[in-house]
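*Asks:* This is a predicted model, with the sequence first.
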Amino acid sequence: MKRDKSYSSQEQTPRTDDEQQKYTTPNIRWHIDSDPEEAKIFWKVKSFIPDVKSTELLYLGKTPFNETKPLNIKGLSKDNANKVEIEIEIVKNGYIKQNKSFSGNVLIDQQEISWFFDLIEEK
């Protein structure tokens with residue numbers, strides 16, 4: 001395969017600090033637990049701006065969950081983080097589903113999602 005000679009890496013415009021910040025993917029420390037354990041954990045992005053897209057629920061794992069993972073939210077930056085939330089949903093058969101939301105500001109500043117869910121039996 002031949003390389004297109006009209007392309008030059010010198011022609012690329014470097015990103016400014018603000019632009020680079022929008023594409024930075026912070027590693028988030030996830031610490032999620034429940035009583036009883038072995039509850040399924042799902043998460044989704046809730047966005048109130050067009051720059052960041054909301055997502056459907058995504059499976060994360062089962063409680064207890066302690067991992068560090070990159071948070072790949074395209075368009076998320078310090079400037080718009082206050083208009084973005086991460087919602088955690090915990091599901092276990094025989095128990096009431098529970099949700100907890102975290103502000104995008106918390107994610108960028110603290111780089112951690114930590115919560116304990118005390119599950120309530122269905123009646």
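*Replies:* Received the coordinates, thanks.

*Asks:* What is the least confident helix or strand in the chain?
*Replies:* helix 17-22 (a mean of 48; mean pLDDT, DSSP states H and E).

*Asks:* Tell me which helix or strand comes right after it.
*Replies:* strand 27-35 (DSSP states H and E).

*Asks:* packing partners for that following strand?
*Replies:* Packed against strand 27-35 by the contact rule (3 or more C-beta pairs under 8 Å, 6 or more residues apart in numbering; DSSP states H and E) you find strand 65-70, strand 84-91, strand 112-118. Every C-beta, even on glycine, is put in place using the N, C-alpha and C of the backbone.

*Asks:* Could you pull up the residues touching residue 36?
*Replies:* Residue 36 is in contact with 92, 95, 119, counting by C-beta atoms under 8 Å, 6 or more residues apart in numbering.

*Asks:* Now render these as TSV, adding pLDDT and neighbour count.
*Replies:* Output for these, formatted as TSV (pLDDT from 0 to 100; neighbours: other C-beta atoms under 10 Å):
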residue	pLDDT	neighbour count
92	97	20
95	98	16
119	97	19
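
*Asks:* Look up how far residue 70 lies from the nearest residue to residue 53 once chain neighbours are set aside.
*Replies:* For residue 53, the nearest residue in space outside its immediate sequence neighbours is residue 47; the separation is 6.2 Å by C-beta to C-beta, 6 or more residues apart in numbering. When C-beta to C-beta, to the nearest Å is the yardstick, residue 47 and residue 70 sit 18 Å from each other.
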